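Enquirer: Fold the following for me, if possible:
(chains A, B and C)
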Amino acid sequence: MELTGEYRIAAPRQQVWEALNDAEVLQACIPGCQELEKTSDTEMLAKVTLKIGPVKATFGGEVELVNIDAPKSYTIQGEGKGGIAGFAKGSADVVLAEDGDDTILTYNASAEVGGKLAQLGNRLIQSTARKLAAAFFDNFHERLNQSTPEDA
Amino acid sequence: MTKVSMNVNGKKVSRDVPDETLLSDFLREKLRLTGTHVGCDTSQCGACVVHVNGKAVKSCTTLAVSLEGAEVTTIEGLANGKELHPMQVAFNDNHGLQCGFCTPGMIMTSVDMVARYKAEGRKLTSDLIRQELEGNICRCTGYHNIVKSIEDASAKM
Amino acid sequence: MTTGIGNPVKRKEDRRFTTGRGRYTDDVRNDNQAYAAFVRSPHAHARVKSIDTKAALAMEGVIDVLNGKQLTGDGIGNLICGWAISSKDGSPMNMGAWSALATEKVRYVGDAVAVVIAETQALARIAAEAVEVDYETLPVAASLTAAMAKGAPQIHDNAPGNLIYDWGLGDEAAADAGLKAAKHVTTLDLTNNRLSPNPMEPRSAVASYDAAEEHYTLYTTSQNPHVARLVLSAFYNVAPEHKLRVIAPDVGGGFGSKIYIYPEEITCLWASMKTNRSVKWTSDRSEAFLTDMHGRDHVTTAQMGFDENGKITGFKVDTIANLGAYMSLFSSSVPTYLYAPLMSGQYDIQNIYCNVRAVYTNTVPVDAYRGAGRPEAAYLVERMMETAARELNMDPAELRRRNFVQSFPHQTPVLMAYDAGDFPKLLDMAQKSADVAGFPARKAEAAKRGKLRGLGYSTFIEACGLAPSKAAGSLGAGVGLWESAEVRVNPVGSIEVLTGSHSHGQGHETTFAQIVAERFDIPVENVSIVHGDTDKVQFGMGTYGSRSAPVGMSAVVKAMDKVEAKVKKIAAHALEASEDDLVIEGGAVKVKGTDKQMLWHEVGLAAYTAHNLPDGMEPGLKETAFFDPVNFSFPSGAFICEVEVDPDTGVTEIVQFVAADDFGTIINPMIVEGQVHGGVAQGIGQAMMEQVVYDDNGQLLTGSYMDYTMPRAADLPFYKVSHQVTPSPNNPLGVKGCGEAGAIGAPPAVINAITDAIGNNHLNMPATAHAVWQAIRAGKSAMAAE
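Expert: Numbers count the residues shown, from 1 in each chain, chains lettered A, B, ... in the order given. Just a heads-up that it's a prediction; the model follows:
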């Protein structure tokens, strides 16, 4: 399952890049994220609560940043276990392009689920994943657009 | 734990149960009325249908504690003593059951169905019976004889 | 006599079922009841690196958490497949190891790795969530294509390329020559969709261990409790046979899926010993979808050749069968000996060859489901006949008639010797019942309403009454396939019949009583049928493959022969008459042409008081018999399905379904018709609704009744059922078996009707509205292209 999106963010690329590497920003933007703890420059431990169809579960797992080409692009990937609810895996290739004073963020994400989530929630996964991805980048976009004027 | 009291098959019962206890579990495990069956976990199959205050409900999706003071009838309480309900007789007469697992839910659904149509003065055709059985799955009979059973009982109820 | 053979006697078992007093496995609750919940893999293929049970064990009310290393450490054996199939090159099948709880690797989503035993079911399930399993995921082969691809993930080390066997039946050179000599060759590629059997009662097991006696008792949802006991003791080493009692009480449907011994029963028995508690496990429906054996799942390419008169000259079949992640108990036999020998259908075909490759995939195992191999064969043969008729521009009924076997017994080139039948007459009956002559007018009338009307045939044969033990043994079966019976006449004259057959909806308590009531002319109420308990009933083989009437009842008849002989000796002695002058009728043993008689219960009493028995005769009146059939039985059928399709939406309605069957002698027409109804419904389900789907990662996408379409009342029509009787010469009652016919014959009739309606032969099962709509569109663009 592939999901893509594009956002124009009214902030310079370096600032967007820093935000994308800031655990606090990520925690605030990841929907349902309860904890996000940095264990190294590129690794984090996360706890995320998700509801897909009839299944609601808290996923504990690792988030990792790879393919880093600062400040242009990286891949953020994660895998979480939700106990008997199953597991969820996802990754997103995020690319930042400069456009005047703005930054164009594009992402290409994929998601995979297993166990009870797949069995009972499958019909809803595509739409849920799209919604979650959109929510993350919406939150991120909004946060940066809010913070930019203050910085300026 | 919450104490819940209800009338089940004409008898007053009271039990302390965890709040999440489903009526199906309450009947099967607390009262040992095992005629109410559980055939799925998504409220689709209808093997668990009982009557609450005269209406058919799926006991697998009803919380026991929500039924304080309710009148509950299960398949065990349908017959009048030794005398079977006309629907029970009709299922036997028309070979409306094979393995018997879906049967309690089928019969409870059917009794409610016929009573509802009678109360509303509507005629229950075989097509309507098939539509009304939307929430009850049988894997044995192919439904042919279940529909016949309900038509038969409908004429006698 | 209104209760004997041929009468629609109302079922004796119904009273308990209609009043909620049936007793199913989950209704059993022992005093020291504990509950099991399994920790299952969410991955289709992974290595188990570690299992952390600390958190679960720390929960109050958790009794124990057990894993596969402990299980194998206690000497519990691997699950086995009981039918050895050899490849064409003579090599044995590649059976991979299957432990009831996985130790090193999991191979399908749902594979169990540990079990939690707790005080309540809810607690067991919560604790199962707390068990932390660390998996190292492996590449997945969830489909036949993925499993057979170059470099595919290796599911079992001993099955290179995931191939279990490459097997053939028939004469390949002869089939090739037949095709070469043909004037016309029809080629067909088709799939037989994967199904989930879905008996309404989920599987359940209640195991108890008696430490004082070192004895186990298992209540379980089984179609064959004796086979379960045998396999549990001989192969899985759970307990010696004499220390294990298996009871299959009321069982809520099986359809094949409750033949096998599953990991859960083994684990519950073992866990009951480990914890010294009675251990109960009941599947929920989600678990059932993940772990109950599936059915069908074939991909086939076939060619059939015809001469200028429409006679078949040769038939060549190449099938790939998906057996899932492990070889279930009878899985190997389903796509081989229950499939290829049926390739001759109702037709006289001299040259047949069938090649079958069985393949592992990362999915739940596949085994017998109602019909088992025979539906797959009938679907292929009958789709082939209809397709050929269209290509040859012939009436499909006429093409069939030109090829029907006309005389019996008939030896096919694929092992089978058909016993009896009258295929032309059966088709006549079906055509009359379906008013085929009036079809063109109905089609024209439907066209006026904008509907496409189509008609499809299926004239099929099945091999039932499994099976002659010697023949089965020579083909690789690990067991004999006879049946046993014991007939006990009590001192008061009532009769108990103990049978190895098992009833889980078939109505044995009525039909078996009918044959006894008929034989001894006593009320059917005075006969009771005992089955399903290894402590009560001697060894028997159980119920599957439409065998209870042709094999199980035949054993009862043999036992009754012995009872009658003794009854006549006792009565002749008491009445001072010749045995030859005695008749049993009207509840008495009478001396023909006189008024001398002994009432039935007087004979019973005489046998037990033993005051006046012939010299040397043992007291008592109880006889045992084993019946081993000399051949399969061959029920045949002619089904005609008529559909109307909405060309704008693809929505298809079955407007008429005619089933004309030849089951030989019919004991109870009401029950037989019920069996046909249910079988046809499952066949229509396969043809139009049902399909198990795994995604590429091996995740089950059809895991509930919200995603797997079960036929409901409004999806199905009333069925027009009729019978012709050509008795089987191979058993005393002349019965052939009726349990599977509907599921075998219906799918091709439905697909033949829909493809006839839409004018496009390319349509796979399940023919959902969407699939039909797509086929209509594809047919239109193909026509436009021409």
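Enquirer: Which stretches in chain B count as helices?
Expert: B:23-25, B:86-93, B:103-120, B:126-132, B:144-156 (DSSP state H).
Enquirer: Make CSV from those helices and add distance to chain C and mean pLDDT to it.
Expert: Just so you know, the C-beta spots here come from the backbone N, C-alpha and C atoms, and that holds for glycine as well. CSV is the format used below for the helices of chain B (distance: least, C-beta to the nearest C-beta, whole Å; pLDDT from 0 to 100):
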stretch, distance to chain C, mean pLDDT
helix B:23-25, 9, 98
helix B:86-93, 4, 98
helix B:103-120, 5, 98
helix B:126-132, 4, 98
helix B:144-156, 4, 97
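Enquirer: In JSON lines: those, plus distance to residue C:599 and mean neighbour count.
Expert: Listed next are the helices of chain B as JSON lines, based on distance: least, C-beta to C-beta, whole Å; neighbours: other C-beta atoms under 10 Å in any protein chain shown:
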{"stretch": "helix B:23-25", "distance to residue C:599": "51", "mean neighbour count": "23"}
{"stretch": "helix B:86-93", "distance to residue C:599": "31", "mean neighbour count": "23"}
{"stretch": "helix B:103-120", "distance to residue C:599": "39", "mean neighbour count": "22"}
{"stretch": "helix B:126-132", "distance to residue C:599": "48", "mean neighbour count": "17"}
{"stretch": "helix B:144-156", "distance to residue C:599": "38", "mean neighbour count": "22"}
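Enquirer: how about those, which one is nearest residue B:47?
Expert: Of all the helices of chain B, it is helix B:103-120 that lies closest to residue B:47, at 4.3 Å by C-beta to C-beta.
Enquirer: Export that closest one to CSV, keeping only CA atoms.
Expert: C-alpha atoms of helix B:103-120 as CSV (Å, rounded to 0.1, in the frame of the first residue of the first chain):
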residue,chain,number,x,y,z
THR,B,103,-31.2,-23.6,15.8
PRO,B,104,-31.8,-21.9,19.1
GLY,B,105,-31.0,-18.5,17.6
MET,B,106,-33.0,-19.3,14.5
ILE,B,107,-36.0,-20.3,16.5
MET,B,108,-35.8,-17.2,18.8
THR,B,109,-35.4,-14.9,15.7
SER,B,110,-38.3,-16.6,14.0
VAL,B,111,-40.7,-16.4,16.9
ASP,B,112,-39.9,-12.7,17.2
MET,B,113,-40.3,-12.3,13.4
VAL,B,114,-43.7,-14.0,13.2
ALA,B,115,-45.0,-12.1,16.3
ARG,B,116,-43.8,-8.8,14.9
TYR,B,117,-45.6,-9.3,11.5
LYS,B,118,-48.7,-10.5,13.3
ALA,B,119,-48.7,-7.4,15.5
GLU,B,120,-48.3,-5.1,12.5
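Enquirer: circling back: export the helices of chain B to CSV and tack on distance to residue C:506?
Expert: Below are the helices of chain B laid out as CSV (distance: least, C-beta to C-beta, whole Å):
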stretch, distance to residue C:506
helix B:23-25, 27
helix B:86-93, 16
helix B:103-120, 15
helix B:126-132, 25
helix B:144-156, 14
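Enquirer: looking at these, which is closest to residue C:131?
Expert: Set against residue C:131 and scored by C-beta to C-beta, those come closest in helix B:23-25, at 23.6 Å.
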